[in-house]
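Engineer: have a look; sequence and predicted model below, questions after that.
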Amino acid sequence: MVNPEILQSLAKLDPKLEPVISHYELKVESRDTEDVYFSLLRAINAQQLSVKAASTIFGRFLQLFENGYPAAFVLKDMDFEALRSVGLSRQKAGYVLNVANYFYENKLQDANWEQYKDEEIIEMLTTIKGVGKWTVQMILIFSMNRMDVFPIDDLVVRQSMIKLYEVNPEQKKKALYSELTQIAEKWKPYRSVASRFMWKMKDQKWIL
């Protein structure tokens, strides 16, 4: 479970969120904390796929490597058609090669990510073709356990916020994003945690 002190602080920072916090339990879901590279590969594979299909294809992908790990210095030279043969689309095969090349060339596979701020990591990794801001934010939240990330581009987060805070969804995108960002200011420094509650609301059909 997420640290109760964090939840208490968040409820005080935003009383509107308090009943949601009381209603749901958030588990600690940090994984691959040190392995940003592996998380990126898995995230690319999972795009636009069901959980089951993504798991199957990624499992086949890992079997291509002798020790079951796609080290950058090996993956960067992997035959393109071999990647395609395990179920990766042409586009995704290109993207995983882009990731491997970037990490290899910049010597990042064993990087100490703690030295970088969230925005620095987003700026670095979104230079890789095929890696978007949302993908990096998900890694920051779920793999690196960063506490203050606000993924406003996530549709579910926006929908839940619109419902909970009674925001007008018909306004122009710029105005909508501005209003939601302002609401999320109350959540600092725990915007990641609050965003996870927004996902919970959607998954379990929160009723006001």
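Structural biologist: Happy to help now that I have it.
Engineer: please, which helix or strand holds residue 104?
Structural biologist: Using DSSP states H and E, residue 104 sits within helix 90-105.
Engineer: one more: residue 68?
Structural biologist: Going by DSSP H and E, residue 68 is not in any helix or strand.
Engineer: just list the residues touching it, thanks.
Structural biologist: The contact partners of residue 68, taken as CB atoms under 8 Å, 6 or more residues apart in numbering, are residue 62. Backbone N, C-alpha and C define where each C-beta goes, glycine included.
Engineer: from what I see, residue 10 and residue 195 are in contact.
Structural biologist: No. With contact defined as CB atoms under 8 Å, residue 10 and residue 195 do not form a contacting pair (11.1 Å).
Engineer: let me see the domain layout of this protein.
Structural biologist: 4-28+150-203, 36-143 (automatic domain parsing).
Engineer: reformat the ones you listed as CSV; add mean pLDDT.
Structural biologist: Putting the domains of the chain into CSV (pLDDT from 0 to 100) gives the following:
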stretch, mean pLDDT
domain 4-28+150-203, 93
domain 36-143, 95
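Engineer: where does residue 206 land on pLDDT?
Structural biologist: At residue 206, the model reports a pLDDT of 52.
Engineer: verify the contact between residue 82 and residue 63 for me.
Structural biologist: No. The criterion here is CB under 8 Å, and residue 82 misses it with residue 63 at 10.9 Å.
Engineer: what about the most centrally placed residue in the chain, distance to residue 3?
Structural biologist: Centroid-nearest residue in the chain, with CA atoms, centre = their mean: residue 138, separated by 0.8 Å. According to CB to CB, to the nearest Å, residue 138 stands 21 Å off from residue 3.
Engineer: for residue 178, same thing?
Structural biologist: 31 Å.
Engineer: again with residue 68
Structural biologist: 33 Å.
Engineer: helix or strand for residue 136, which one?
Structural biologist: Going by DSSP H and E, residue 136 is in helix 133-138.
Engineer: next, the buried residues of that helix.
Structural biologist: Neighbour counts over helix 133-138 (16 or more other CB atoms under 10 Å) mark 134, 135, 136, 137, 138 as buried.
Engineer: and the residue nearest to the last one when sequence neighbours are not counted, helix, strand or coil?
Structural biologist: So that's residue 138. In space, and not counting its chain neighbours, residue 138 is closest to residue 43: 6.4 Å by CB to CB, 6 or more residues apart in numbering. Using DSSP: H, G, I helix; E, B strand; the rest coil, the structure places residue 43 in helix.
Engineer: then the one 10 residues further on?
Structural biologist: Judged by three-state DSSP, the three-state class of residue 53 is helix.
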